[in-house]
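>>> Requesting a structural model of the entry that follows:
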Amino acid sequence: MTVDLSGVAVSTSVSGPVIVEFDGQYVWSFVPSRDGTRSLTGIHTPWPPVLHPFLKGSTQVVLRSPEDETYFDEEVRFSDDDTRVAVTDKRGNPVSVDKVGHLQRIFDESSGGIKDEILTGTQRALADLKEYGGVEAYLNYGALLGAVRDGKMIGHDSDTDLCYISAYTVPVDIIRESYRVERAMKARGWNLLRMSGGDIKLLLPLSDGRDCHIDVFGAFHINGVFYQFGNRSGQLARESILPLGTIDLEGYEFPVPRDPEAMMAFLYGPNWRTPDPSFRYADPAPGVRRLNGWFRGFRTEMGLWTELYRSPATERIPEGGSPFAAWVNERIEPGSPIADIGCGTGSDAIWFNQQGHPVRAFDFSRIAVRIAKRRLTKETGSADVRKLILNELRTVLVAGAEFANEEVPYHLYARHLIGCLDENARDYFVRLADVSLRRGTSLFVEFAAHDPSLPEEQHHLVRRFGVQWFKEELEARGLVVVEEEQGPGTDMFGEPDPLITRMQIRHRTTAEIEASPNPPRPQDKEADMTQTPPPPARGGLRSFVKRILGRGHLESVSQRVEVLEQEVQENRELHRRIAELTDVVTELLLPLEQADRERIAKRLEGYRESI
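Below you'll find the predicted structure:
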């Protein structure tokens with residue numbers, strides 16, 4: 001066996017999990033046959049990417065089995081640095097790689113006092129969920145596994161997991177129930193993240209400076225199949241869960257499913273009693289497709305943006321106003337308010353503020369919002385920075401309502417945003433502009449334009465987009481481009497880009513709408529497809545296939561199956577959209593029906609905070 005900078009090589013005789021320790025600290029576990037590449041001499045498994053920055057200097061590396069059989073125990077030097085390898089967070093706390101490839105502080109590396117804080121906080125979450133959220137939650141996943149197996153928290157685990165079984169059997173109702181639970185927990189003072197239409201993550205602050213995550217997963221039965229967030233699906237009777245029982249975990253009593261062993265077998269398979277720190281779920285593909293269609297979509301690429309804003313790459317983002325910001329400043333009235341949509345680290349928002357424009361900045365990344373808020377406060381003394389998820393209709397409609405209710409209307413500004421959006425998010429963005437520009441203001445956009453001779457991506461998270469496609473999406477909402485420039489420019493990192501498009505967009509007046517020509521016929525749009533890329537397949541495939549079917553070009557049964565699968569997914573996605581619309585109507589619009597402006601503003605702020 002060998003350990004070096006490239007990874008770990010073990011004998012082909014090693015069939016089970018391998019635990020990796022540096023100087024006695026657990027850092028990672030893997031299964032060679034699953035995670036590695038087989039060769040004539042053994043199986044080589046590369047280090048997880050999150051460990052690469054730490055592999056400097058020397059450490060005593062131990063490879064062992066969960067049963068403490070030692071495979072390797074030697075001093076390893078990864079570089080010439082005269083230091084010991086230290087896999088720690090910014091506060092110096094030891095961290096390790098969790099089951100999804102992130103660095104977390106595990107229970108084995110936490111003091112008894114911290115464990116008590118986590119267990120007490122989890123009990124408080126359960127009590128709040130029951131009394132204020134109206135759901136009876138129970139311990140599940142790793143926390144339940146540790147309690148059932150030996151009454152202790154699993155050493156390599158890093159969070160606690162709770163579930164509740166919904167009384168509903170329709171995705172729309174299940175989503176709205178989750179929204180209600182979210183509002184109740186926020187009202188109780190919990191800081192939380194929404195992960196999908198059916199699960200949230202509570203952030204429990206600990207005395208060592210970090211947040212412990214308490215996942216709250218919904219579970220439900222639809223057409224005889226049991227689904228539980230975390231991508232589980234299959235056969236598990238409701239009677240195996242309710243009425244709830246109790247169990248002792250580290251001296252604390254917790255509610256658990258009526259038959260906890262049946263739940264363990266459902267989650268981890270028949271060998272659930274055998275410890276396996278490298279365990280990975282084998283999620284049933286049909287269940288994952290249904291859960292994705294019904295409940296997911298609005299967090300697309302959020303994790304990738306979080307990684308970007310936490311990486312040294314953010315240092316490459318230029319400070320000071322961009323050339324596009326200066327271009328826009330020449331076209332708006334002095335002192336007019338600006339909304340920076342997709343503000344990133346806030347450089348343009350700061351510059352606009354310095355030019356005398358009141359600025360409201362938005363981004364869908366919590367890290368970006370945090371960075372922009374800190375920078376704006378430092379540079380300008382104040383900051384109005386908000387989270388806006390363009391894939392979530394609720395947040396988009398609330399932002400539009402707030403813009404419509406402002407005494408002085410806002411111009412909208414979006415630099416290199418269009419190429420970051422999928423078709424749904426782009427549609428919601430244009431809807432936001434439709435609502436916001438009706439009082440005479442403009443939308444200013446800059447994006448990397450599509451050209452067959454250029455790479456499809458400007459950056460791995462920013463794609464080029466067809467100018468004509470975007471114009472047609474604008475025209476469908478009554479928006480018109482009043483000024484357009486195209487030529488060389490810069491990307492989000494200030495690097496040269498050969499083809500950038502800038503636009504000033506306004507809402508068409510009634511006279512303009514009446515005088516406008518008829519929208520392009522389908523064949524005209526198809527003729528332009530050679531010059532502009534089609535929208536992402538997720539939303540554009542259906543209309544494209546309809547045209548193909550209309551011309552009788554269907555060539556095989558497999559094509560027809562592919563079309564049907566796409567249509568089914570589209571129908572599933574409607575559940576989340578209906579739930580969002582219903583939530584906005586019942587929680588916001590109906591109470592506003594007879595309210596005055598001041599009460600409307602207060603209600604809008606309260607609803608925005610609740611979501």
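>>> list the helices and strands the longest helix seen in the chain packs on?
In the chain, taking DSSP state H as the definition, the longest helix is helix 557-584. Helix 557-584 sits against helix 171-187, helix 285-295, helix 393-405, helix 537-550, with contacts defined as 3 or more C-beta pairs under 8 Å, 6 or more residues apart in numbering; DSSP states H and E. C-beta here means a position set from N, CA and C on the backbone, and glycine is covered the same way.
>>> hmm, 6 Å instead?
Using 3 or more C-beta pairs under 6 Å, 6 or more residues apart in numbering; DSSP states H and E, the elements in contact with helix 557-584 are helix 171-187, helix 285-295, helix 393-405.
>>> which stretch among those comes nearest residue 100?
Closest approach to residue 100 among the helices and strands packed on helix 557-584 (C-beta to C-beta): helix 285-295, 14.8 Å.
>>> Which residues belonging to whichever helix or strand comes after that closest one are considered buried?
As assigned by DSSP states H and E, the chain's next helix or strand after helix 285-295 is helix 302-310. The neighbour-count check on helix 302-310 (16 or more other C-beta atoms under 10 Å) flags 302, 305, 307-309 as buried.
>>> The host helix or strand of residue 503 pairs with which strands?
For residue 503, the host element (DSSP H and E) is strand 496-507. If you go by DSSP bridges, strand 496-507 pairs up with strand 443-448 (antiparallel), strand 479-490 (antiparallel).
>>> I'd like to know which of the helices and strands packed on helix 557-584 lies nearest to residue 38.
Between the helices and strands packed on helix 557-584, helix 285-295 lies closest to residue 38; by C-beta to C-beta that is 25.4 Å.
>>> So what's the gap between the longest helix of the chain and the chain middle?
Taking C-alpha atoms, centre = their mean, to the nearest Å, one finds helix 557-584 lying 20 Å from the centre of the chain it belongs to.
>>> Quick one: mean pLDDT for it?
For helix 557-584, the mean pLDDT works out to 80.
>>> before we move on, what about stretch 327-336?
The average pLDDT within stretch 327-336 is 97.
>>> Tabulate the CA atom coordinates of that stretch in PDB.
Below are the C-alpha coordinates for stretch 327-336, written out as PDB (Å, rounded to 0.1, in the frame of the first residue of the first chain):
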ATOM      1  CA  TRP A 327     -22.400  53.100 -19.600                       C
ATOM      2  CA  VAL A 328     -25.600  52.800 -17.600                       C
ATOM      3  CA  ASN A 329     -24.900  55.900 -15.500                       C
ATOM      4  CA  GLU A 330     -24.900  58.000 -18.600                       C
ATOM      5  CA  ARG A 331     -28.400  56.900 -19.400                       C
ATOM      6  CA  ILE A 332     -30.300  57.400 -16.100                       C
ATOM      7  CA  GLU A 333     -31.300  60.400 -14.200                       C
ATOM      8  CA  PRO A 334     -29.000  61.700 -11.400                       C
ATOM      9  CA  GLY A 335     -29.900  60.200  -8.000                       C
ATOM     10  CA  SER A 336     -32.400  57.700  -9.400                       C
END
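>>> what's the neighbour count on the nearest residue to residue 332 once chain neighbours are set aside?
Leaving aside its sequence neighbours, residue 332 sits nearest to residue 411 (C-beta to C-beta, 6 or more residues apart in numbering; 5.5 Å). Burial of residue 411 is recorded as 23 neighbouring residues (other C-beta atoms under 10 Å).
>>> same thing with residue 53?
For residue 53, the count of nearby residues is 10 (other C-beta under 10 Å).
>>> Next: residue 35.
Neighbour tally, residue 35, other C-beta under 10 Å: 18.
>>> roughly how far apart are it and residue 376?
43 Å (C-beta to C-beta, to the nearest Å).
>>> same check, this time on residue 15
Distance from residue 15 to residue 376, by C-beta to C-beta: 55 Å.
>>> Same drill for these two, tell me which one is more crowded.
Ranked by neighbour count (other C-beta under 10 Å), residue 15 and residue 376 place residue 376 first, with 22 against 11.
>>> Find the helix or strand that the more buried one is a member of.
Taking DSSP H and E as the definition, residue 376 sits inside helix 366-380.
>>> What pairs with the helix or strand that that helix is followed by, parallel or antiparallel?
Using DSSP H and E, the next helix or strand after helix 366-380 towards the C-terminus is strand 385-387. As defined by DSSP bridges, the strand partners of strand 385-387 come to strand 359-363 (parallel).
>>> now the partner strand: mean pLDDT?
97.
>>> List the neighbours of that strand that are in contact with it.
Here strand 359-363 makes contact (C-beta atoms under 6 Å, 6 or more residues apart in numbering) with 338-343, 346, 349, 352-353, 369, 372, 384-386, 388.
>>> Could you pull up the mean pLDDT of stretch 481-501?
For stretch 481-501, mean pLDDT rounds to 95.
>>> Ends of that stretch, what's the gap?
12 Å (C-alpha to C-alpha, to the nearest Å).
>>> Regarding the closest residue to residue 66 other than its chain neighbours, what are the backbone dihedral angles?
Distances taken as C-beta to C-beta, 6+ apart put residue 275 closest to residue 66, at 4.6 Å, once the chain neighbours are dropped. Per-residue torsions, residue 275: phi -60, psi 140 (degrees, to the nearest 10).
>>> How many neighbouring residues does residue 275 have?
Count around residue 275 with other C-beta under 10 Å applied: 18.
>>> picking up where we left off before, now do the same contact list for the residue nearest to residue 332.
Contacts for residue 411 (C-beta under 6 Å, 6+ apart) come out as 332, 338, 441-442.
>>> Residue 137 and residue 126 touch, don't they?
Yes - Residue 137 is within contact range of residue 126, at 5.4 Å (criterion: C-beta atoms under 6 Å).
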